[in-house]
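Student: Here is a sequence with its predicted model. Questions after.
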Amino acid sequence: MKSYSIGQIADMFDLPISTLRYYDKEGLFPELHRSGNRRLFTEREIDALRVIECLKASGLEIRDIKQFMQWCSEGPSTYAQRKQLFEDRRDAVLKEMEQLRKTLDLLQYKCWYYETALTDGHEDRIQSMLPDGLPANIQKLYDNAFKE
């Protein structure tokens, strides 16, 4: 089985070596092998790190990731908890994406707004189109950005 050094893994995931050491100290790599003082990462740790980084990016804290890793070591009896964790994270990410879409739509609307105001030299034409007379593509941005 091919093994990788901590430096190689750090480069692979664009993570500081200190982060990998912290994860190891926190028990996130329970089967990590060592040769002397060197950590030897295998595909098993690489796969675990992909999940760890995904969960972290989804907003999960290390203590909760540790709980997930503990569930993994407990076997099939924890499938329901693991599934629920991923469903909860998926829902949180979808909600965040929806909020980011609203933010992006507002930014795009305002770019159009000020581009139009610059061209016209004033905001009168834009104001006369509000709230529901904007060009279709801009109306869609506006509606999404300002809906409650």
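Tutor: Structure's in. What do you need? Numbers count the residues shown, from 1 in each chain.
Student: Might you calculate how far the longest helix seen in the chain sits from the centre of the chain?
Tutor: The longest helix of the chain (DSSP state H) is helix 79-120. With Cα atoms, centre = their mean, to the nearest Å as the basis, helix 79-120 stands 12 Å off its chain's centre.
Student: For that helix, what does the pLDDT average out to?
Tutor: Mean pLDDT, helix 79-120: 98.
Student: Show me how far the helix or strand following that helix is from its chain's centre.
Tutor: Next along the chain after helix 79-120, taking DSSP states H and E as the criterion, comes helix 124-129. With Cα atoms, centre = their mean as the basis, helix 124-129 stands 38 Å off its chain's centre.
Student: Show me what helix 124-129 is in contact with.
Tutor: Helix 124-129 has contacts (Cβ atoms under 8 Å, 6 or more residues apart in numbering) with Tyr113, Thr116, Ala117, Asp120. Any C-beta I mention is one placed from the backbone N, CA and C, and that applies to glycine too.
Student: who are the neighbours in contact with the residue nearest the centre of the chain?
Tutor: Taking Cα atoms, centre = their mean, the centroid of the chain lies closest to Ala57, which sits 3.7 Å from it. Residues near Ala57 by Cβ under 8 Å, 6+ apart: none.
Student: can you do 10 Å?
Tutor: Ala57 sits next to Arg89, Val93 when contact means Cβ atoms under 10 Å, 6 or more residues apart in numbering.
Student: what's the answer for Tyr142, then?
Tutor: By Cβ under 10 Å, 6+ apart, the contact set of Tyr142 is 105-106, 108-110, 112-113, 129-132, 134-135.
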